[in-house]
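> Got a predicted structure plus its sequence, pasted below:
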Amino acid sequence: MATVQDLFAQGSHAFADEDYEEALTFYTKAIDINATHVEIFLKRSATYQKLGKDKEAYEDALKALELIKEKPSVDVTVEAKAQLRKGVAAYHIQDYQTAKVALEACHALSPEQRTLSSWMRKVEQELAKQPKAAPAAPAAAAAPAPAASPAPVATPAVHRVRHEWYQNDAYVTISVFIKNAKKESVDINITDKALSVSVKMPTGSDYSLELDPLSHPVVPSESKFEVLSTKIEIQVKKERFALKWGALEGDDANATSMATVAAAAPAYPTSSKKAKNWDALEKEAAKEEEKADGDKALNQLFAQIYKDADDNTKRAMMKSFTESNGTCLSTNWDEVGKAPVETRPPEGMVAKKYNS
């Protein structure tokens, strides 16, 4: 039977591979065995967030904080992480005041938490948009007639947004596939170990991508992004040149050197469970294209024979092929030169004259 540690490790590997459904399964199994492990609740909260299940992400963050209260010996950075998770989840369920309180608690515990400043800024922006409460009416004033209840505002539909990444020696490129995003509605924050992307989508809904921590350090000052008509493309500069990342986020035990790969040839990690050597596939496809088949192969063979033949052989080939309407090819002039070559259609077929 798998232990809690085994399930937690399997969940973390699945999370790093961006297989969030599988990660959720492992974390849930681990919690079923031991429901007092703070880190598992925090990881499952992050997994729920990736799957767009914001309410469940919030509930797991609250559970983690409850467990921390029962364990005074828990490291302060773990509590700070739990407050950060609570704040992020509260933001996504649009409880901005709760998010603000949680993020301020995180700041008081551990102000150096990655992406904290970015989330605090986002929350303040949302709170600033909310209408200020109207001043209370004087006591002597007559009560106004009750206003009609406003029609409920429809919540924008949640759209799953796809993101992919690839790399070369110097950069990791993350593509977020959102069409027609406006540059002023895109907020991207890059630190040495984290990436935060927030977008107000054309549909009116909010999109957020939090990669924290990135699997390896990056250089924020040399990183960049571009808003295109079909996607948002982010290039983060690798701190360590030619290090081939095996994962985009979390622990990366599969990192290798890209020294054997040409600098301009990108490596493409995808959602596929099996890695593909795209360079080898490209070369194989090129070789296949070079291989002739069917009529093309036959014509190349005839051309090669004709090119290397003597005059009599060439005459025999031309005469036999022409007079037989392409059904016979002979290299023996002694035989072909004696009489016209008859048309010999393949077995089961009949030769017919073409009347122009």
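Right, received. Where do you want to start? Numbers count the residues shown, from 1 in each chain.
> ranges for the helices of the stretch 201-350 of the chain?
Applying DSSP state H, counting those that start in this stretch to the stretch 201-350 of the chain gives helices spanning 278-290, 294-308, 311-323, 333-336.
> just for the stretch 251-356 of the chain, where's the confidence low?
Filtered on pLDDT under 70, the stretch 251-356 of the chain yields the residue ranges 259-298, 347-356.
> let's go with 80 and repeat that
For the stretch 251-356 of the chain, the stretches flagged by pLDDT under 80 are 251-254, 258-307, 326-327, 336, 343-356.
> wait, residue 27 sits on residue 42?
No: Residue 27 is beyond contact range of residue 42, at 9.8 Å (criterion: CB atoms under 8 Å). To be clear about C-beta, it is placed using only N, CA and C from the backbone, and glycine gets the same treatment.
> Look at the two and report which has more neighbours.
Comparing residue 27 with residue 42 by other CB atoms under 10 Å, the one with more neighbours is residue 27, at 29 against 23.
> pLDDT on the helix or strand hosting that one, on average?
Element membership of residue 27 [criterion: DSSP states H and E] is helix 20-33. On average, the pLDDT along helix 20-33 is 94.
> The helix or strand that comes right after it versus helix 20-33: what angle between them?
Downstream of helix 20-33, the first helix or strand assigned by DSSP H and E is helix 38-50. Here the directions of helix 38-50 and helix 20-33 differ by 150 degrees (axes from the mean of the first three to the mean of the last three CA atoms, to 10 degrees).
> what's the distance between whichever helix or strand comes after helix 38-50 and the middle of its chain?
Using DSSP H and E, the helix or strand that follows helix 38-50 in sequence is helix 54-70. Between the centre of helix 54-70 and the centre of its host chain there is 28 Å, according to CA atoms, centre = their mean, to the nearest Å.
> Need the contact partners of helix 54-70.
The contact list for helix 54-70 (CB atoms under 8 Å, 6 or more residues apart in numbering) reads 36-38, 41-42, 44-46, 48-49, 74, 78-79, 82-83, 85-86, 88-90, 92-93.
> For it, the averaged confidence score.
Mean predicted lDDT for helix 54-70 stands at 93.
> got the CA positions of that helix in CSV?
The C-alpha coordinates for helix 54-70 follow below in CSV (Å, rounded to 0.1, in the frame of the first residue of the first chain):
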residue,chain,number,x,y,z
ASP,A,54,-11.7,28.3,-7.0
LYS,A,55,-14.2,27.4,-4.2
GLU,A,56,-12.4,24.1,-3.4
ALA,A,57,-9.0,25.9,-3.5
TYR,A,58,-10.3,28.4,-0.9
GLU,A,59,-11.6,25.6,1.3
ASP,A,60,-8.3,23.8,1.3
ALA,A,61,-6.4,27.0,2.2
LEU,A,62,-8.8,27.5,5.1
LYS,A,63,-8.2,23.9,6.2
ALA,A,64,-4.5,24.4,6.1
LEU,A,65,-4.7,27.4,8.3
GLU,A,66,-6.9,25.5,10.8
LEU,A,67,-4.3,22.8,11.0
ILE,A,68,-1.6,25.4,11.6
LYS,A,69,-3.5,26.8,14.6
GLU,A,70,-3.5,23.3,16.1
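> which of the residues in that helix are buried?
54, 56-65, 67-68 (16 or more other CB atoms under 10 Å).
> Distance to residue 161 added to the residues you listed, as TSV?
Below are the buried residues of helix 54-70 laid out as TSV (distance: CB to CB, whole Å):
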residue	distance to residue 161
54	15
56	19
57	17
58	20
59	23
60	22
61	22
62	26
63	28
64	27
65	29
67	32
68	32
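> show me where pLDDT drops low in the stretch 1-150 of the chain?
Within the stretch 1-150 of the chain, the ranges that satisfy pLDDT under 80 run 1, 72-74, 113-115, 132-150.
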